[in-house]
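Trainee: here is my input, please return the structure:
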Amino acid sequence: MKRNIQNKSSVAAGTVDLKSITADELKNTVRDGMFAMSLPEREIFYNELEASLKKVGLDLVSYVIPLGITGRSAEDLTPTEVGHLLRYLRINVPKSAPVITRVLSKFPVFLQKHEPAGKKLAA
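Mentor: Numbering: from 1, shown residues only. Reported below is the predicted structural model:
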């Protein structure tokens, strides 16, 4: 007989829980997820993120330049840069967290569990 055992720290299916991961884990999750996406999917993700943040009064471009990121559009930013940007927002702009959660939860690639950076084994 098979049972469904639910972990106490789990969240509703289809939701990214930013409270249960560190800012560095968020950066790695975004980076890894974006590397798994095609270029058109990356652009859709970034545009969705940018539009959603604008709705709450946040402009991504105003955060990109101070972080030393030279790209200004979806096709100019690498997955690592987007991950770094979201890490920065998570730490320094608390009102961005619900928006980031909502946008990441729309893309199944971010709902997958990724290994912490220090736990990966060499091939």
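
Trainee: can you pull the contacts of the nearest residue to residue 73 once chain neighbours are set aside?
Mentor: Computed as Cβ to Cβ, 6 or more residues apart in numbering, the closest residue to residue 73 that is not its neighbour in sequence is residue 46, at 7.9 Å. Quick note: C-beta positions are derived from backbone N, CA and C, even for glycine. With contact taken as Cβ atoms under 8 Å, 6 or more residues apart in numbering, residue 46 is in contact with 73, 74, 77, 82.

Trainee: residue nearest the centroid of the chain?
Mentor: In the chain, the C-alpha closest to the average C-alpha coordinate belongs to residue 30, at a distance of 3.8 Å (Cα atoms, centre = their mean).

Trainee: state the distance from that one to residue 104.
Mentor: Relative to residue 104, residue 30 is positioned 7 Å away (Cβ to Cβ, to the nearest Å).

Trainee: where does the residue nearest to residue 73 land on pLDDT?
Mentor: Note on residue 46: pLDDT of 92.

Trainee: what bits of the chain have low per-residue confidence?
Mentor: Under the criterion of pLDDT under 70, the regions of the chain flagged as low confidence span 1-17, 113-123.

Trainee: please repeat the previous calculation with a cut-off of 50.
Mentor: Scanning the chain with the threshold set as pLDDT under 50 gives 1-12, 114-117, 121, 123.

Trainee: next structured bit after the longest helix that the chain contains?
Mentor: The single longest helix within the chain, with elements called by DSSP state H, is helix 39-55. If you walk from helix 39-55 toward the C-terminus, the next helix or strand you reach (DSSP states H and E) is helix 60-64.

Trainee: nothing else from me, thank you.
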